[in-house]
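Trainee: Could you look at this predicted model? Sequence included:
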Amino acid sequence: MSERKPRERAAAEVERLETREWLESLDQVIQSGGPARTQRLLRRLQRRAAEFGITVPYAANTPYVNTIPRSRQPLYPGDRDVERRIRSLVRWNAMAMVVRANRAEEGIGGHISTFASAATLFEVGFNHFFRGNDAEGGGDQIYFQGHATPGIYARAFLEGRLTEAQLANFRRELAPGGGLSSYPHPWLMPQFWAFPTVSMGLSPIMAIYQARFNRFLEDRGLKDATRRVWAFLGDGELDEPESLGAISLAAREELDNLIFVVNCNLQRLDGPVRGNGKIIQELEAVFRGAGWNVIKVIWGDDWDPLLERDVDGVLIERMERAVDGDYQRYSVQSGAETRRDFFGTDPRLLALVEDLTDDEIRRLRRGGHDPEKVYAAYAAAVAHQGAPTVILAKTIKGYGLGEAGEGRNVTHQQKQLNEEELREFRSRFSIPISDDDVGEAPFYRPAEDSRELAYLYERRAALGGYLPERRVTAPALADVPAEPFAEFREGSNGRPVATTMIAVRLLSKLLRDKRLGPHIVPIVPDEARTFGMDALFRQVGIYSHVGQLYEPVDRETLLYYRETKDGQILEEGITEAGAMCSFMAAGTAYATHGINMIPFFFFYSMFGFQRIGDLIWAAGDMRCRGFLIGGTAGRTTLAGEACSTRTATATSWRTRTRPWWPTTRRLRTRSR
Ligand SMILES: Cc1ncc(C[n+]2csc(CCOP(=O)(O)OP(=O)(O)O)c2C)c(N)n1
Ligand SMILES: [Mg+2]
């Protein structure tokens with residue numbers, strides 16, 4: 001025992017020296033060779049270790065700190081002070097809109113706390129990144145988180161695009177004087193909203209296929225500029241299977257025109273998203289694994305000096321040990337309690353914050369509420385090439401509501417503020433409304449010649465106009481030619497012919513039409529052969545951004561599997577949801593790209609609507625145009641397939657092609 005101890009100590013000393021030498025060498029390579037050289041070296045070392053059977057454990061996570069360190073943060077180009085004023089006004093009006101709607105009609109609903117947590121994420125976008133429809137190459141396509149709608153309306157009010165009467169009639173769009181729909185519904189507000197997003201989980205998958213469709217238009221020479229697609233999502237929303245179901249496609253297709261911003265307020269409707277874990281780390285692993293560029297925005301700037309002084313790594317270690325349930329609690333408790341519970345676990349941590357007052361500890365900000373951190377993330381996302389980006393921004397749900405709901409489990413349902421709470425909110429955000437008036441929750445818009453409005457107008461003009469805006473500018477297509485239909489008008493002389501075959505034959509003829517053909521988008525989820533569509537592989541080709549990097553096994557045959565960069569068929573693989581999203585992107589191009597496209601989505605009628613009904617509803621809401629065709633009713637084309645007569649009838653092509661969207665009736669808004 002007494003002999004081993006000195007030996008162990010000596011070994012530990014050797015190890016310490018050895019590690020230090022290695023680290024010093026690495027530092028030198030980083031300094032002289034830069035990041036790329038360092039990466040090459042590390043990969044080389046990893047290979048070397050593998051030769052001896054030593055694998056490096058796979059780590060999908062990076063430490064629980066901002067991906068972009070302060071040293072790599074760009075200078076903030078805006079006027080921080082006036083932007084904070086604008087943001088506060090938007091916050092106030094958004095809150096007042098919900099409070100007043102619920103006073104006018106109790107129980108009408110609406111959300112305060114979602115936007116309260118996302119205000120900085122949106123405002124940095126509006127002031128510096130989101131391009132409007134007049135921008136060169138077209139505007140950005142933005143999927144706004146459905147429950148944050150009051151904030152989007154409140155900004156449009158400051159911009160002078162919505163009236164006070166409309167705001168007062170939030171959720172009552174049919175009221176005299178006009179009003180506003182509860183959520184983004186192009187059906188109800190066709191000049192304003194472009195994308196219906198309130199059914200959670202649909203925005204992410206729709207945004208992915210939208211970004212992919214933009215590439216398709218470019219590759220086919222129909223549109224020459226790539227537009228950016230942004231999707232603003234909730235952290236709870238990412239539990240919907242559709243949310244993550246297509247993320248590998250986005251990476252595979254290298255969609256660097258796509259940015260997800262996940263508002264990680266750590267809460268959903270009932271409670272924490274991952275009380276016992278960390279949603280940001282979980283999502284980081286999932287997205288990195290799928291090949292996305294991941295940017296974490298966790299801590300605000302007042303954490304930077306603490307992290308810089310954390311030479312032993314105890315602060316990072318503590319940050320990693322706390323779970324989201326703890327972080328939620330820290331957001332509601334006092335500074336003294338956080339000093340005790342979070343920093344109090346280690347004297348070195350306590351020493352780090354000994355110069356901070358309890359109040360300063362309470363106000364240590366999260367990254368998603370720090371405009372400079374958010375700006376840095378957006379700038380990096382926009383510049384990133386070769387992969388889509390996801391920004392995971394940590395925020396507080398109900399930020400600014402104080403006792404009325406900030407960080408509380410009930411905050412999602414908070415629709416009313418009493419006079420005292422309104423007064424606090426007003427004072428916290430310095431809204432110039434008097435004590436006498438504040439109880440009425442009046443809307444506030446500064447004078448036309450105020451600094452705030454001048455700034456806001458200037459920024460939007462520089463970025464190509466206001467958002468959201470749905471603008472239909474597509475020139476009409478040529479009249480439908482008669483020739484492709486002639487053959488079918490003759491009938492089949494009593495011979496039974498499968499409707500699926502006729503539909504495909506007609507499609508093939510329409511594709512040959514010089515003027516109409518290029519606008520058609522055949523879409524199929526791995527069922528082309530079932531429907532006899534394989535002839536189209538040769539005729540128009542299967543779209544692939546990279547073309548065909550291999551020689552297809554059936555190259556010698558007439559109808560070989562032909563992938564090409566200017567291919568026209570969207571062969572989506574086995575995903576009815578993905579195919580439907582392509583259908584929606586194409587069928588709304590008349591409003592989002594100013595070009596009419598005619599999608600034909602052929603699905604296997606037995607495997608279609610029942611699993612993607614909600615997307616179909618969204619398509620109707622979006623005023624999507626195109627043909628949904630339930631192909632092959634079992635026995636019709638596949639001899640001997642067991643499909644009962646009743647099933648076959650119920651899913652026949654005739655049934656499916658009847659218009660399913662309301663043509664005369666208004667679509668009813670669903671309250672989610
Ligand atoms: C498909 C679907 N299911 C349920 C709802 C009802 N709902 C509205 S908001 C919400 C919680 C949202 O949580 P999160 O995504 O974290 O967004 P946050 O409000 O926290 O930003 C729920 C369950 C919905 N809108 N859509
Ligand atoms: Mg949430």
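Mentor: Structure received. If you're wondering where the values come from, they're calculated on a predicted model, not measured in any experiment. Ligands and ions are numbered 1, 2, ... in the order given.
Trainee: how close does the residue most central in space within the chain sit to ligand 2?
Mentor: With distances taken as C-alpha atoms, centre = their mean, Ala231 lies nearest the centre of the chain, 2.4 Å away. Plainly put, Ala231 is 15 Å away from ligand 2 if you go by C-beta to the ion, to the nearest Å. Yep, even glycine has a C-beta here, placed from its N, CA and C like the rest.
Trainee: Phi, psi for that residue please.
Mentor: Dihedral pair for Ala231: phi -130, psi 120, per degrees, to the nearest 10.
Trainee: so where does the residue nearest to it when sequence neighbours are not counted fall, helix or strand?
Mentor: Spatially, and ignoring its direct neighbours in sequence, Ala231 is nearest to Ala207 (3.8 Å; C-beta to C-beta, 6 or more residues apart in numbering). Secondary structure assignment for Ala207, by DSSP states H and E: helix 202-219.
Trainee: mind checking the end-to-end distance for stretch 514-532?
Mentor: With C-alpha to C-alpha, to the nearest Å as the measure, stretch 514-532 spans 23 Å from end to end.
Trainee: what packs against the longest helix seen in the chain?
Mentor: For the chain, the longest helix by residue count, based on DSSP state H, is helix 4-51. Where contact means 3 or more C-beta pairs under 8 Å, 6 or more residues apart in numbering; DSSP states H and E, helix 4-51 is not packed against any helix or strand.
Trainee: For that helix, what is the distance to the chain centroid?
Mentor: The chain centroid and the centroid of helix 4-51 are separated by 40 Å under C-alpha atoms, centre = their mean, to the nearest Å.
Trainee: What residues sit buried inside the following helix or strand past it?
Mentor: Counting by DSSP H and E, the next helix or strand C-terminal to helix 4-51 is helix 80-104. Within helix 80-104, the residues scored as buried using 16 or more other C-beta atoms under 10 Å are 82-83, 85-102.
Trainee: One more: stretch 129-139?
Mentor: 129-133, 135, 138-139.
Trainee: Please apply the same query to stretch 381-396.
Mentor: 381, 387-396.
Trainee: Can you check the distance spanned by it, start to finish?
Mentor: By C-alpha to C-alpha, the extent of stretch 381-396 from end to end equals 23 Å.
Trainee: cool, and stretch 154-171?
Mentor: Note: stretch 154-171 ends 14 Å apart using C-alpha to C-alpha.
Trainee: before we move on, back to that, dump the C-alpha coordinates for the helix holding Ala207 into PDB.
Mentor: Extracted as PDB, the C-alpha positions of helix 202-219 are listed here (Å, rounded to 0.1, in the frame of the first residue of the first chain):
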ATOM      1  CA  LEU A 202     -46.900  20.600 -39.900                       C
ATOM      2  CA  SER A 203     -44.800  23.700 -40.300                       C
ATOM      3  CA  PRO A 204     -41.500  21.900 -40.000                       C
ATOM      4  CA  ILE A 205     -42.200  19.300 -42.600                       C
ATOM      5  CA  MET A 206     -43.900  21.800 -44.900                       C
ATOM      6  CA  ALA A 207     -41.000  24.200 -44.600                       C
ATOM      7  CA  ILE A 208     -38.500  21.400 -45.500                       C
ATOM      8  CA  TYR A 209     -40.400  20.500 -48.700                       C
ATOM      9  CA  GLN A 210     -40.900  24.200 -49.500                       C
ATOM     10  CA  ALA A 211     -37.200  24.700 -49.400                       C
ATOM     11  CA  ARG A 212     -36.700  21.700 -51.500                       C
ATOM     12  CA  PHE A 213     -39.300  22.800 -54.000                       C
ATOM     13  CA  ASN A 214     -37.600  26.200 -54.300                       C
ATOM     14  CA  ARG A 215     -34.500  24.300 -55.400                       C
ATOM     15  CA  PHE A 216     -36.600  22.300 -57.800                       C
ATOM     16  CA  LEU A 217     -37.900  25.500 -59.500                       C
ATOM     17  CA  GLU A 218     -34.300  26.800 -59.700                       C
ATOM     18  CA  ASP A 219     -33.000  23.500 -61.200                       C
END
